[in-house]
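Colleague: predicted structure and sequence below. I'll ask about it afterward.
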Amino acid sequence: MRQQPLLTTERLVLRPLELSDAPKIQQLAGDPSIANGTINVPHPYDDGVAGQWIGKNIAGWQSQKSAIFAITLKSNNQLVGCIGLHNIEGETAQLGFWIGVPYWGKGYCTEAAARIAEFGFKRLNLQLLYARHLSRDSAPGKVMQKIGMRHITTKNDAARVNMITENVEYYELGVLVEA
């Protein structure tokens, strides 16, 4: 099995997850604002959850079902979030990401998402990326649009988060949707 690569951008290094990232991931992803804006990040973010998630995603790379990366700053190697491709099946994958609250509004997510999309198309030979976000939080959709994803549909009552049924926005990018 090939080793998961390092991916770089102007300001970022996207690197494979390491078990030593667990405390920082728990700290950043454990912020209630992260859980409130995502479909899959729990709150509270209990001890051990980050380590289990990292282990699952390391195994996901080995089985070619996911490619999840730590987003770190080139300037100081600080972990600021995570991004990756989930549910890799055939020539499609789901894009997912989160950025720690102290790093919001700096363009890191858009920069990382553009690099991950390029990696998916050029290195993994994917033909279609899809993504989703909660309708009540437009920020992820802005990232998706900035990297060229197109809004496909809104599904009402499509996800249950914190015992609340939520509407979800769906986006796609790839040869199937390019003009």
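Modeller: On my side now, so go ahead.

Colleague: so which bits of the one helix or strand A113 maps to are buried?
Modeller: For A113, the host element (DSSP states H and E) is helix 108-122. By neighbour count with 16 or more other Cβ atoms under 10 Å, helix 108-122 contains the buried residues Y108, C109, T110, E111, A112, A113, R115, I116, A117, F119, G120, F121. For every residue, glycine as well, the C-beta is placed using N, CA and C.

Colleague: and it, how far out from the chain middle?
Modeller: Distance, stretch centre to chain centre, for helix 108-122: 10 Å (Cα atoms, centre = their mean, to the nearest Å).

Colleague: likewise stretch 71-81?
Modeller: That offset, for stretch 71-81, works out to 15 Å (Cα atoms, centre = their mean).

Colleague: that stretch - what's its average pLDDT?
Modeller: With pLDDT averaged residue by residue, stretch 71-81 scores 97.

Colleague: same question, stretch 151-158
Modeller: 91.

Colleague: got a list of contacts for that stretch?
Modeller: Contacts to stretch 151-158, defined as Cβ atoms under 8 Å, 6 or more residues apart in numbering, come from residues 130, 132, 135, 141, 145, 165-172, 177.

Colleague: so where's this structure uncertain?
Modeller: In the predicted model of the chain, residues 1, 162, 175-179 satisfy pLDDT under 70.

Colleague: hmm, try it at 50
Modeller: 176-179 (pLDDT under 50).

Colleague: ok, E166 touching L134?
Modeller: Yes. With contacts counted by Cβ atoms under 8 Å, E166 reaches L134, the gap being 5.1 Å.

Colleague: so what sits against both of those two?
Modeller: With Cβ under 8 Å, 6+ apart as the test, E166 and L134 both reach I39, A159.

Colleague: can you tell me which helix or strand Q26 belongs to?
Modeller: Counting by DSSP H and E, Q26 is part of helix 22-29.

Colleague: go on, W53?
Modeller: W53 belongs to helix 49-62, assigned by DSSP H and E.

Colleague: which other residues reach the helix holding A113?
Modeller: With Cβ under 8 Å, 6+ apart, helix 108-122 has contacts from 5, 7-12, 14, 67, 69, 71, 73, 80-81, 83-85, 93, 95, 97, 99, 126-127, 129, 143-144, 146-148, 173-174.

Colleague: ok, now stretch 29-40?
Modeller: 28, 41-45, 50, 82, 96, 98, 100-101, 132-134, 137, 139-140, 159, 161-162, 166, 168.

Colleague: now with 10 Å, please.
Modeller: Residues from elsewhere that reach stretch 29-40 (Cβ atoms under 10 Å, 6 or more residues apart in numbering): 28, 41-46, 49-50, 53, 81-82, 86, 96-102, 104, 132-134, 136-137, 139-140, 158-162, 166, 168.

Colleague: hmm, back to that, in the helix holding Q26, what counts as buried?
Modeller: Residues A22, K24, I25, Q26, L28, A29 are the ones in helix 22-29 that count as buried (16+ other Cβ under 10 Å).

Colleague: cool, thanks, talk later.
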